[in-house]
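Q: any chance you can model this:
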Amino acid sequence: MDIEIDKVGVEEKAVLRCMLELYQHDHAEWDDQDLDEHGLYGYRYLDHYWTEHGRHAYFIRVDGRLAGFAMVRDGTNTGDAHHFAEMFIVRKYRRQGLARRLAFRVFDLLPGKWEVRQAERNVEAQAFWRAIISEYTGGDYTEVRKPDWDGPMQVFESKGEGSGQRHSAKVARRIR
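A: Numbers count the residues shown, from 1 in each chain. This next block holds a predicted model:
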């Protein structure tokens, strides 16, 4: 299995928009978002990923086929920390370790302080992120709760390329 993680170019924005609809459909059971009059959820921050500093979007591909995405923004509740705004793996590719590989690669690409938040009602995401971050940091993270967020938040430091636990050699990478 050949895995590539690429930065999303502005010319690929329409593709990311379509994939965001799938992601939002998956999350509708706990975020209570409704479809609009056109049958779409919409994502009001999409254009910001090409117009604002500190926003990053990545696709993950398996054997050249789109398998998911990650969207990161900087400067959230803990100062200048990086934050996963969204992360998604399409159903066909779930439970194959792709989300782990994507998260580890993005942590490496964006060194510094991280915060990863999950909604209180999204228990599955909480278990996933605790396991991923614990593995990546060797258990060196803190879990906190903040009054302005409804759910747990893991806070840790990424040292950059190769700082995670034994993962960097497992992913064929191509970053544009």
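
Q: spatially nearest residue to Glu86 (excluding sequence neighbours)?
A: Excluding the flanking residues, the one nearest Glu86 by C-beta to C-beta, 6 or more residues apart in numbering is Met71, at 4.4 Å. For glycine as for every other residue, the C-beta is placed from the backbone atoms N, C-alpha and C.

Q: what does the one helix or strand the one you found maps to rub up against?
A: Following DSSP states H and E, one finds Met71 within strand 65-74. Residues from elsewhere that reach strand 65-74 (C-beta atoms under 8 Å, 6 or more residues apart in numbering): 8, 15-16, 19-20, 23, 49, 53-61, 80-90, 92-93, 98-99, 102-103, 106, 110.

Q: okay, buried residues for the lowest-mean-pLDDT helix or strand in the chain please.
A: Across the helices and strands of the chain, mean pLDDT, DSSP states H and E gives its lowest value to helix 13-31, namely a mean of 86. By 16 or more other C-beta atoms under 10 Å, the buried positions in helix 13-31 come out as Leu16, Met19, Leu20, Tyr23, Gln24, His27.

Q: with distance to Glu115 added, can I get those residues in a markdown table?
A: Listed next are the buried residues of helix 13-31 as a markdown table, based on distance: C-beta to C-beta, whole Å:
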| residue | distance to Glu115 |
| --- | --- |
| Leu16 | 23 |
| Met19 | 24 |
| Leu20 | 21 |
| Tyr23 | 20 |
| Gln24 | 22 |
| His27 | 19 |
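
Q: which one of those is nearest Gly160?
A: Distances from Gly160 to the buried residues of helix 13-31, taken as C-beta to C-beta, are shortest for Leu16 (25.2 Å).

Q: if I pick the residue in the chain sticking out farthest from the centre, what's in contact with it?
A: The centre of the chain is farthest from one residue, Glu37, which by C-alpha atoms, centre = their mean lies 28.0 Å away. If a contact means C-beta under 8 Å, 6+ apart, then Glu37 has no contacts.

Q: could you pull up phi and psi at it?
A: phi -70, psi -10 (degrees, to the nearest 10).

Q: repeat that for the one 3 residues further on.
A: Its backbone dihedrals place Leu40 at phi -120, psi 150, with angles given as degrees, to the nearest 10.
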